[in-house]
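Participant: Pasting the sequence and the predicted coordinates here, then a few questions.
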Amino acid sequence: MANKQNFKPEEWTKILESTMLAGMAVSAAEPSGLLGSLKEAIASSSALARAKSDAGSNELVKAVVSDFETKEGRAAVQEALRKQLAGVKKPGEVVERSLANLKEVSDILNAKAPQDAAGFKMWLQTISENVAEASSEGGFLGIGGVKVSDAERATLADISRALGTRA
């Protein structure tokens, strides 16, 4: 089973970063208001908490969650995200950069952790889906609208393609 030691430091940081970017891509596809953005952020971080207590989580997911619990792990992700999103002017750029990261992580996992790759990629897909479903889009103050917008649905499909999973 794969863990942090299976990867170069820069690969591990990309893997950590992917857990945040999987949700950010969906959020950026259809930016919500303040309340919607908060709900989406909570949905993304809740996936980490659930994975920690889920006995069915694969070892790679558990290793990522464990690293997020350290000051060093969180600092590495914050710095990587700062670099990843430097110069971004439009939400579409966040989506593009996130998808590029997810594709790269998919390739790294396929090469270095084939036994854990499918489970980890499905976890990333689930994070994306949870974010998409966290807040209604197109309504007023959370009333009305649709649960998952067309832009979010399209981004979920793009995430699935980047990861090589099925949405």
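Facilitator: Alright, I've got the coordinates.

Participant: now for the least confident helix or strand in the chain by mean pLDDT, which elements pack on it?
Facilitator: Within the chain, no helix or strand scores below helix 34-53, which has a mean of 74 by mean pLDDT, DSSP states H and E. Under the contact definition 3 or more Cβ pairs under 8 Å, 6 or more residues apart in numbering; DSSP states H and E, helix 34-53 sits against helix 9-29, helix 59-68, helix 114-134. Using the backbone N, CA and C atoms, a C-beta is placed for each residue, glycine as well.

Participant: Next, the contact list for the spatially most central residue of the chain, please.
Facilitator: The structure's the chain has its C-alpha centroid closest to Ala22; by Cα atoms, centre = their mean the separation is 2.2 Å. Residues near Ala22 by Cβ atoms under 8 Å, 6 or more residues apart in numbering: 44, 98, 102, 124-125, 127-128, 131, 159.

Participant: cool, Ser53 as well?
Facilitator: Ser53 touches nothing, counting by Cβ under 8 Å, 6+ apart.

Participant: again with Met122
Facilitator: Contacts of Met122 (Cβ under 8 Å, 6+ apart): Thr165.

Participant: re earlier: among the contacts of Ala22, the buried ones, what's the ChimeraX command?
Facilitator: In ChimeraX, a selection of the buried entries from those looks like this (16 or more other Cβ atoms under 10 Å):
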select :44,98,102,124,125,127,128,131,159
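
Participant: Take the contacts of Ala22 and lay them out in a markdown table including distance to Asn110.
Facilitator: A markdown table is the format used below for those (distance: Cβ to Cβ, whole Å):
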| residue | distance to Asn110 |
| --- | --- |
| Ser44 | 24 |
| Ser98 | 19 |
| Leu102 | 13 |
| Leu124 | 14 |
| Gln125 | 15 |
| Ile127 | 19 |
| Ser128 | 19 |
| Val131 | 24 |
| Ile159 | 16 |
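
Participant: Quick one, which of the contacts of Ala22 has the minimum pLDDT?
Facilitator: Taking pLDDT as the measure, the contacts of Ala22 have their low point at Ser44 (76).

Participant: where does the nearest residue to that one once chain neighbours are set aside land on pLDDT?
Facilitator: Distance criterion Cβ to Cβ, 6 or more residues apart in numbering; nearest residue to Ser44, sequence neighbours excluded, is Gly23 at 3.4 Å. Turning to Gly23, the model gives it a pLDDT of 91.

Participant: so Gly23 touches Ser128, yeah?
Facilitator: Yes. Assessed by Cβ atoms under 8 Å, Gly23 is found in contact with Ser128 at 6.3 Å.
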